[in-house]
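Enquirer: After the sequence you'll find the predicted model.
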Amino acid sequence: MNLCWNEIKKKSHNLRARLEAFSDHSGKLQIPLQEIIDWLSQKDEELSAQLPLQGDVILVQQEKETHAAFMEDVKSRGPYIYSVLESAQAFLSQHPFEELEEPRSESKDTSPRQRIQNLSRFVWKQATVASELWEKLTARCVDQHRHIERTLEQLLEIQGAMEELSTTLTQAEGVRATWEPIGDLFIDSLPEHIQALKLFKEEFSPMKDGVKLVNDLAHQLAISDVHLSMENSRALEQINIRWKQLQVSVGERLKQLQDAHRDFGPGSQHFLSSSVQVPWERAISPNKVPYYINHQAQTTCWDHPKMTELYQTLADLNNIKFSAYRTAMKLRRVQKALRLDLVTLTTALEIFNEHDLQASEHVMDVVEVIHCLTALYERLEEERGILVNVPLCVDMSLNWLLNVFDSGRSGKMRALSFKTGIACLCGTEVKEKLQYLFSQVANSGSQCDQRHLGVLLHEAIQVPRQLGEVAAFGGSNVEPSVRSCFRFSTGKPVIEASQFLEWVNLEPQSMVWLAVLHRVTIAEQVKHQTKCSICRQCPIKGFR
């Protein structure tokens, strides 16, 4: 019995000695592991405190230096942390533990073996936490270093771009400061100023990409939770404002120059303002069609004051019995008032060619019509050596053409309409006029089909229609006249110029007024060797 008891006491003593030795070894690991966990947690908090970065180059550079020192501190701690973790790994390899399905609380009845298992498990947990915190901290240090480098690079790019933009904007604003007021510019120099401004706009257009770049970089930084400093934000705001103001001022300046060139330049209608006298004023509608304002009566009308007077005098001719002569007499007065009786068809054709009016289907606007009429009357002055009131003649002729071919004042008319009106009233023999008009609707083989002939006759009938005389010439329906003319085509679908002239020589109803106009013009020059029963003048010139 004594021997057995002594054996038990010996084993108990040995087990206690082993347990005390194990506890002492595990205790030497638990303390440094906990210190490492606390130190890593503190460093993780310090690292978080470094964010967010400030949007300023100097501050980010300082933060870069601070972070470099921080990383050096973490790096210097690495060997110690690795040695402790390796010791813990060695300890756990010597004293493995079993995974428990449910955690057990340590009590007085806990066996020594279970206590050893619990201590090993606690060391493993500490080592695991310390290892995870270390890996997390080192990874965050690397990420933050990259974040600081990238942020610094973007801030330097923004700063450099803003400095360059500020310099460029200053140069552009200097150019803008030299702009003269529009009213001080010579009219002839307006095209040069418009071209210079367009070049200026193109020269500084790359600024648009620069402004977009700095705004995009600022947006990218904001997404990364890096907001520009107050100074940089103010500088960026000023660049955006100055760029916007430059764009607006260039746009407004260009519009003012173009408006001035349109209203007062060589291609404008400004010179036609002198065609009317006080209290009348010539105004222009949005589609460039002129209208006239009487400030005394406070009324507006489409017709030029002189055209209104002319139409009133035409009423005196309504007592002429025969419609063809009545119409011809009215057209003669219009022809003289517009001074188109002095213009030859040859001169008119030269002007048509110079203004590329060969295509009869081309649609002309009011400005094109004015250009052609101006050139026509200026050429008349040169060739005849006479003084012509060009503004008045141009405005009157434009008024008449609009009344005939654009009574709705759309501001558009076909080139064929324009050429028909000028050809009908110019001072040329009727045969030459008719040959020219036929050529405008004929094909390359000098032949014309029914449709194109109908177009020509429709354009021509507008002239008497405007005078209210269209009913006497078959009305606006030209189909009967087309069929009548094609009787001379001997059954062919086209008609030739000679056949057309043969038909016109018979003075068909729709075209007789043109031939009578020619006879009236010739009759004005005839001298009659007889004495006037009223004034006793001899001979009598013109109509008897």
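Expert: The structure has been received and is ready for your questions. Note that the structure is a prediction, hence the values are computed from the model and not measured.

Enquirer: Mind listing what's buried along the helix or strand where Pro480 lies?
Expert: Secondary-structure assignment from DSSP states H and E places Pro480 in helix 479-485. Within helix 479-485, the residues that count as buried by 16 or more other C-beta atoms under 10 Å are 481-482, 485. For the C-beta atoms, the positions are set from N, CA and C on the backbone; glycine is no exception.

Enquirer: Okay, now the unreliable bits of the stretch 151-300 of the chain?
Expert: 263-268 (pLDDT under 70).

Enquirer: Buried residues in stretch 503-523, which are they?
Expert: Going by 16+ other C-beta under 10 Å, stretch 503-523 has these buried residues: 503-504, 508, 510-518, 520-521.

Enquirer: and which of these is nearest Ser205?
Expert: Nearest to Ser205 among the buried residues of stretch 503-523, counting by C-beta to C-beta, is Leu514 at 58.1 Å.

Enquirer: tell me the phi and psi of the closest one?
Expert: The phi/psi pair for Leu514 (degrees, to the nearest 10) reads phi -70, psi -40.

Enquirer: just to revisit the earlier point, got the contact list for the helix holding Pro480?
Expert: Helix 479-485 is contacted by residues 450, 453-454, 457, 474, 495, 499-500, 503, 508-511 when judged by C-beta atoms under 8 Å, 6 or more residues apart in numbering.

Enquirer: what's the answer for stretch 214-234, then?
Expert: By C-beta under 8 Å, 6+ apart, stretch 214-234 touches 51-56, 59, 147, 150-151, 154-155, 157-159, 161-162, 165, 236, 239-240.

Enquirer: now do stretch 240-249
Expert: Here stretch 240-249 has contacts from 165, 169, 172-173, 176, 204, 207-208, 211, 215, using C-beta under 8 Å, 6+ apart.

Enquirer: quick revisit: now the contacts of helix 479-485 as CSV including secondary structure?
Expert: CSV is the format used below for those (DSSP: H, G, I helix; E, B strand; the rest coil):
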residue, secondary structure
Gln450, helix
Leu453, helix
Gly454, helix
Leu457, helix
Gly474, coil
Ile495, strand
Gln499, helix
Phe500, helix
Trp503, helix
Pro508, coil
Gln509, coil
Ser510, coil
Met511, coil
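
Enquirer: so can I have a markdown table of the buried residues of helix 479-485 showing distance to Leu387 and pLDDT?
Expert: Putting those into a markdown table (distance: C-beta to C-beta, whole Å; pLDDT from 0 to 100) gives the following:
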| residue | distance to Leu387 | pLDDT |
| --- | --- | --- |
| Ser481 | 41 | 94 |
| Val482 | 44 | 94 |
| Cys485 | 43 | 94 |
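
Enquirer: So which of those residues is the closest to Gln435?
Expert: Cys485 (14.8 Å).

Enquirer: Could you check how far that closest one is from Asn353?
Expert: In this view, Cys485 and Asn353 are 28 Å apart by C-beta to C-beta, to the nearest Å.

Enquirer: List just the nearest of the contacts of helix 479-485 to Ala127.
Expert: When the contacts of helix 479-485 are compared against Ala127 (criterion: C-beta to C-beta), the nearest one is Gly454, at 106.0 Å.

Enquirer: neighbours around that closest one, how many?
Expert: Neighbour count of Gly454, defined by other C-beta atoms under 10 Å: 19.

Enquirer: Quickly check the contacts of helix 479-485 for the two that are furthest apart.
Expert: Within the contacts of helix 479-485, Gly474 and Gln499 form the most distant pair, 19.9 Å apart (C-beta to C-beta).

Enquirer: Out of the contacts of stretch 214-234, list just those in strands.
Expert: Among these, the members found in strands (DSSP state E) are 54-55.

Enquirer: out of the contacts of stretch 214-234, which are inside helices?
Expert: 59, 147, 150-151, 154-155, 157-159, 161-162, 165, 236, 239-240 (DSSP state H).

Enquirer: What subset of the residues you listed is buried?
Expert: Buried subset of the ones in helices among the contacts of stretch 214-234 (neighbour count, 16+ other C-beta under 10 Å): 147, 151, 154-155, 158, 161-162, 165, 236, 239.

Enquirer: Tell me the one among those residues nearest to Glu432.
Expert: Once C-beta to C-beta is applied, the member of those that ends up nearest Glu432 is Leu165, at 68.4 Å.

Enquirer: hmm, back to that, columns distance to Ile461 and pLDDT on top of the buried residues of stretch 503-523, output as a markdown table?
Expert: Shown next, in a markdown table, are the buried residues of stretch 503-523 (distance: C-beta to C-beta, whole Å; pLDDT from 0 to 100):
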| residue | distance to Ile461 | pLDDT |
| --- | --- | --- |
| Trp503 | 15 | 95 |
| Val504 | 14 | 93 |
| Pro508 | 11 | 91 |
| Ser510 | 6 | 91 |
| Met511 | 9 | 93 |
| Val512 | 11 | 93 |
| Trp513 | 9 | 93 |
| Leu514 | 10 | 93 |
| Ala515 | 14 | 92 |
| Val516 | 15 | 93 |
| Leu517 | 14 | 92 |
| His518 | 17 | 92 |
| Val520 | 19 | 90 |
| Thr521 | 20 | 89 |
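
Enquirer: Make JSON lines out of these and add distance to Leu314.
Expert: Output for the buried residues of stretch 503-523, formatted as JSON lines (distance: C-beta to C-beta, whole Å):
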{"residue": "Trp503", "distance to Leu314": "29"}
{"residue": "Val504", "distance to Leu314": "26"}
{"residue": "Pro508", "distance to Leu314": "25"}
{"residue": "Ser510", "distance to Leu314": "21"}
{"residue": "Met511", "distance to Leu314": "21"}
{"residue": "Val512", "distance to Leu314": "19"}
{"residue": "Trp513", "distance to Leu314": "14"}
{"residue": "Leu514", "distance to Leu314": "18"}
{"residue": "Ala515", "distance to Leu314": "20"}
{"residue": "Val516", "distance to Leu314": "16"}
{"residue": "Leu517", "distance to Leu314": "14"}
{"residue": "His518", "distance to Leu314": "19"}
{"residue": "Val520", "distance to Leu314": "14"}
{"residue": "Thr521", "distance to Leu314": "17"}
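
Enquirer: Where does the prediction get shaky in the stretch 401-544 of the chain?
Expert: Using pLDDT under 70, the stretch 401-544 of the chain drops low at 528-529, 536, 539-544.

Enquirer: Strands of that one, residue ranges please.
Expert: Taking DSSP state E, counting those that start in this stretch to define them, one finds strands in the stretch 401-544 of the chain at 412-414, 447-449, 494-496, 527-528, 540-541.
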